[in-house]
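K.L.:
Turn this into a structure:
(chains A and B)
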Amino acid sequence: MIEVRNLHKAFGAVKAVDGVSFTARDGEITGLLGPNGAGKTTTLRMLYTLMTPDRGQVLVDGIDAAVDPLGVRRQLGVLPDARGLYKRLTARENIDYFARLHGLPEDLLKSRRDALIEALEMGDIADRRTEGFSQGQRVKTAIARALVHDPRNVILDEPTNGLDVMATRALRQFMARLKGEGRCVLFSSHIMQEVAALCDRIVVIAHGRVVADESPDALRAQTGESNLEDAFVKIIGSDEGLAA
Amino acid sequence: MNTVPTKLQRSRAFLTVFLKEVKENLRDRRTLISAFLTGPLLGPVVFAMVINVTLNRELDKAEKPLPVPVIGAEYAPNLIDALKAGGVVPGAPVADPEKAVRKRDADVVLRIASDYGAAWRKGEPVQVELIYDSSQSDANTPVERVTHLVEGYARQQGAMRLVARGLSPSTAWPLQVAKRDQATPQSRAVLMFAMLPYFFVITILTGGMYLAIDLTAGERERQSLEPLFANPVARWKILCGKLAAICAFSTTSLLITVVGFAVVGRFIPAEKLGMELDLGLHFGGSALLLMLPLVLLFAALQSMVAAFAKSYREAQTYLSLLMLVPIIPSLLLVVMPIKAQAWMYAIPLLGQNLGIMQLLRGDGVTAEQIGLCLTGSLAAALVAVLVTIQLYRSERLAISA
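P.N.:
Numbering: from 1, shown residues only, chains lettered A, B, ... in the order given. Okay, here's the model as predicted:
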């Protein structure tokens, strides 16, 4: 479970995150929805302790990020906005590297890695160097290395960015599977349909603030719009930065 | 679901980072060539070539017949004979000796005035002119040779005149200077090898350069630093693993270059100039020991500089500039030779410079000097590592875009 309480983060005069609070529960998919530049990535970066909040608290499975950042990172599997792989290493070596950094013993590492390679259907590329991988192959590898330590909480920053239709579908199925395994899945997106199709809970962020935190149905009821996209536009007050 | 790794297993992080960086960079041809081939071997090869050319030229000049255009040779046949005996080949007179010298048509021109014969017979002092250009370093040896011969002839003739008048030649030279050169064959070699420490330093820098760039600026540019930092490993551990990888590469470079110099040293005909050159096992081992703290110092400095750069290219530019810094102590010692004080050994680069020069002179370094050198450089290296660790803590470091 990920709990975020009143997070603030400013870069100079720009208030990127200005009082964000929400809770992402186990066995649910929580969507962080908002236009580009709303503060989604900055919020997530504070969750996986890459950045320190100016104010506010982050709790992951009850561990305070300010007190024990390493403990928090141990509970998280993270697919950051930056998905850089090591291009002179094979996909398998990329995954192994992160598994070892998590301190997985070699036998467990092997079984976890092979299970993920199978689940993500990347057996054909596992032993190729990642230089020249397609966007989809890169994301698969990045996800596999993020999940190799079997984290209870999974954070995905715009996971479907740049993926084609087939890859997107496969990724959505994979996220549903993570949820089915009882994990807490938190992902950000600026794509309406994606969030609507997947999420148990939608946290809408605009201008660094949470403007709605509901289930998709409640969101429709609250705004009086039957169409989720219209509801979204109504909530954030404009359709700027919104991709259909 | 959640595997809880034990403390023991997590301490592998340092080793994991180190091994991964070494493996990844061993797969990069450009890094390999620069760290293990061009970087370490260029020094010894260029060095041997330059030294050989210089030595051979010096040797040639000292023994070869020396052609000197002479104006007015007919007025002083005896002087000309004396010069001939000294290996000078008198040449045809040139019309404009000043111009000939400036244009390097001749190293030196001898001009004998037309009243030479008359003055000589009267026993009056006469003048011969040597026209040369001291800014042409090539000309120095010939000018010295001719001067020496002319003065020798003058002294000999003077002595004969005194004897003819019944006086002892020593009346005219009440004082004689006896030169006692204390240079050993090895210490004479030192002047030529003043740049040797710089070659070692440069090798360390080139050996680690591509890694230092790749491990910070490069990693950030291809956006892999952020996922890396999302792992439950303290950043300073990651940095230490990376520094160790840089050190491994630059130490290997240094080792290759020391061996290279040992091999090349055998082909330098230093003994022909009465010099002795020992670049063998003892020298190599001691030089390596003195250089080791610099390996860590430079790894930290290079990482620090590369961490400031926004891109791979920018880091490359900065690090190339960093290469010019260590030339300073070498140049300083060449331009103004100083008497080494004990404290100087504690200064990184300067200490290594002094130590290596002393090894070359064959004087050996004392345990105290080695101790000072190692302690001083190691302290500087630790400071650099701590500053880099501090830099690694910054939030902005990991953010690529």
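
K.L.:
alpha carbons only for contacts and neighbour counts from here, please
P.N.:
Noted.

K.L.:
helix or strand for A:E118, which one?
P.N.:
Assigned by DSSP states H and E, A:E118 belongs to helix A:106-119.

K.L.:
same question, A:Q57
P.N.:
Using DSSP H and E, A:Q57 falls in strand A:55-60.

K.L.:
ok, residues contacting the very next helix or strand once past that strand?
P.N.:
Past strand A:55-60, further along toward the C-terminus, the next helix or strand under DSSP H and E is strand A:63-64. Where contact means Cα atoms under 8 Å, 6 or more residues apart in numbering or on different chains, the residues beyond strand A:63-64 that reach it are A:Q57, A:V58, A:G71, A:V72.

K.L.:
And for stretch B:78-93?
P.N.:
Identification of contacts with stretch B:78-93 by Cα under 8 Å, 6+ apart yields B:64-73, B:146, B:149-150, B:153.

K.L.:
Nearest residue to the closest residue to chain A within the stretch 251-400 of chain B in space, please, no chain neighbours.
P.N.:
Using Cα to the nearest Cα, the closest approach of the stretch 251-400 of chain B to chain A is made by B:E395 at 5.8 Å. Spatial nearest neighbour of B:E395, chain neighbours left out: A:M51 (5.8 Å); criterion: Cα to Cα, 6 or more residues apart in numbering or on different chains.

K.L.:
quick one on the thing from earlier: would you check the contacts of stretch B:78-93 and say which has the weakest pLDDT?
P.N.:
Checking pLDDT across these, the minimum falls on B:K64 at 76.

K.L.:
gap between stretch B:338-358 and the chain center?
P.N.:
Per Cα atoms, centre = their mean, to the nearest Å, the displacement of stretch B:338-358 from the mean C-alpha position of its chain is 15 Å.

K.L.:
quick check: mean pLDDT across that stretch?
P.N.:
With pLDDT averaged residue by residue, stretch B:338-358 scores 85.

K.L.:
Stretch A:151-158 and chain B, any residue contact?
P.N.:
Yes. Using Cα under 8 Å from any Cα of the partner chain, stretch A:151-158 reaches chain B at A:P151, A:R152.

K.L.:
quick one on the thing from earlier: so who does the residue nearest to B:E395 touch?
P.N.:
Contacts of A:M51 were listed using Cα under 8 Å, 6+ apart, and they are A:T42, A:R45, B:E395.

K.L.:
How is it assigned, secondary-structure-wise?
P.N.:
Recorded secondary structure, A:M51: coil (DSSP: H, G, I helix; E, B strand; the rest coil).

K.L.:
Over to it: give its phi and psi.
P.N.:
In this entry, A:M51 is assigned phi and psi values of phi -120, psi 150 (degrees, to the nearest 10).

K.L.:
One more: A:Y48?
P.N.:
Dihedral angles of A:Y48 (phi, psi; degrees, to the nearest 10) stand at phi -90, psi 20.

K.L.:
ok, how many other residues are close to it?
P.N.:
Close neighbours of A:Y48, defined as other Cα atoms under 10 Å in any protein chain shown, add up to 28.

K.L.:
Domain map for chain B?
P.N.:
B:7-56+B:187-398, B:65-170 (automatic domain parsing).
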